[in-house]
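Enquirer: compute the structure for the input listed below.
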Amino acid sequence: MKKRLAFVVTLSLVVMMLAGQVFAQNYPTKQINLIIQAAPGGLSDLTARTVGSVASEILGVPIVFTNRPGAAGAVAMSYVKESRPDGYTIGYVPVELAMVEALGYAQDLNPSSFDLICASNIAAATITVRADSGWETLEDLVEWCKANPGKLRVGNSGTGSVWYVAGASWAKAAGIEVNHVPFDGAAPAVAAIMGKHIDMVPVSEMEVRSGVESGELRILAVLSDERSQYNPDVPTLKELGYDITVAAWGGFAAPKGVPAEILAVLEDAFGQGVQSERFAEVTKANGYSAFYLNSEDFTNFATQQYEFYTELFKELGH
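Expert: Sure, this is the predicted structure:
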């Protein structure tokens, strides 16, 4: 009886494995849903839609994009995490994947909560103000802030987001008090500064590019190790005496437990999308950079970032 039971269990496992392999070999057979954690119009949205459109052509099925902003990306990432691990619901994950757990926005939401597909992009933060603000240099801005504590309205893409971290880290290093104003993504924050509802945005060059080109916005500093190829005349914070670098990165992820064969298909399609000429043109036109890492390397990178930001938030008092 025991031998028969063992045989039945073994046979069932074999059948399940074979069925999974057949399913993976046929994947995909229907549309894939790609969840974006930010509002339309920002860096995350542009990246996800561009890379996703290339991947859609490679996979031969539609990819439907849905924006679910909120809680520094935790709303969308939690949705993806809880979805069926069948390869038909995936998400764009930003650098906030390494932050939201430490901030208390979500429990058990970190790089290990997903099967990471590949990394796609990276962009340094900036200190950007309106051109008619009267602040010609970062020193001008810091001096004004010290004379007017708490009055500088700093827009970000949500409390705890990477752009919040950029603004908060700079303010702490400069010894100034500012008023942080959260938005559901960088695009609404940029719209607010264009409308004179806030005074500064610590977002990427890409997200303020049109305002800079029109002469309405001015970048005072970039938070990178070296000067940007897009704004070579703008100093880095390090040049100005602040040892701070903050960059937004992003990539694609699937719910934990996706079959390895399906993950490999997604990694190949989205990897080709990241390394495509179409995406290269988009990043160049919008002032940020492609940043491809395969599934394994992206997992290691995101885990290191998670450890870094967990410690940083302790220093910032969160």
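
Enquirer: show me the shaky parts of this structure.
Expert: Low-confidence segments of the chain (pLDDT under 70): 1-24, 318.

Enquirer: for the stretch 101-250 of the chain, what spans make up the strands?
Expert: Ranges of strands within the stretch 101-250 of the chain are 114-124, 126-130, 153-156, 179-182, 200-201, 217-222, 247-255, based on DSSP state E, counting those that start in this stretch.

Enquirer: just tell me which of these ends up closest to residue 190.
Expert: Distance to residue 190, taken as CB to CB, is lowest for strand 200-201 among the strands of the stretch 101-250 of the chain, at 5.9 Å. Where you see a C-beta, it was placed from the backbone N, CA and C, and this is true even at glycine.

Enquirer: and the contacts of that closest one?
Expert: Here strand 200-201 makes contact (CB atoms under 8 Å, 6 or more residues apart in numbering) with 126-129, 141, 152-156, 163, 167, 178, 186, 189-190, 193, 207-208.

Enquirer: buried ones among the residues you listed?
Expert: Buried by 16 or more other CB atoms under 10 Å: 126-129, 141, 152-156, 163, 167, 178, 186, 189-190, 193, 207-208, out of these.

Enquirer: which ones are touching residue 149?
Expert: So residue 149 contacts 176, 177 (CB under 8 Å, 6+ apart).

Enquirer: returning to that earlier point: out of the strands of the stretch 101-250 of the chain, which is closest to residue 267?
Expert: Nearest to residue 267, of all the strands of the stretch 101-250 of the chain, is strand 114-124, at 5.4 Å by CB to CB.

Enquirer: partners of the closest one, with directions?
Expert: strand 247-255 (antiparallel), strand 289-293 (antiparallel) (DSSP bridges).

Enquirer: I'd like these as TSV, with mean neighbour count and distance to residue 117 appended.
Expert: Formatted as TSV, the strands paired with strand 114-124 follow (neighbours: other CB atoms under 10 Å; distance: least, CB to CB, whole Å):
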stretch	mean neighbour count	distance to residue 117
strand 247-255	26	4
strand 289-293	19	10
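
Enquirer: so which of those strands is nearest residue 302?
Expert: Using CB to CB, the nearest of the strands paired with strand 114-124 to residue 302 is strand 247-255, at 7.7 Å.

Enquirer: that closest one vs strand 217-222, what angle?
Expert: 90 degrees (axes from the mean of the first three to the mean of the last three CA atoms, to 10 degrees).

Enquirer: list the contacts of the nearest residue to residue 190 once chain neighbours are set aside.
Expert: In this structure, residue 190 finds its nearest non-sequential neighbour in residue 207, 5.4 Å apart by CB to CB, 6 or more residues apart in numbering. For residue 207, the contacting residues are 42, 43, 186, 187, 190, 201, by CB under 8 Å, 6+ apart.

Enquirer: which two of the residues you listed have the greatest separation?
Expert: 43 and 201 (12.6 Å).

Enquirer: the more surrounded of the two?
Expert: residue 201 (32 against 27; other CB atoms under 10 Å).

Enquirer: who's that one bridged to?
Expert: Going by DSSP bridges, residue 201 forms beta bridges with residue 128.

Enquirer: related to what we said a few turns ago, from the contacts of residue 207, which single one is nearest residue 252?
Expert: Scanning the contacts of residue 207 for proximity to residue 252, where the rule is CB to CB, the winner is residue 43, at 14.4 Å.
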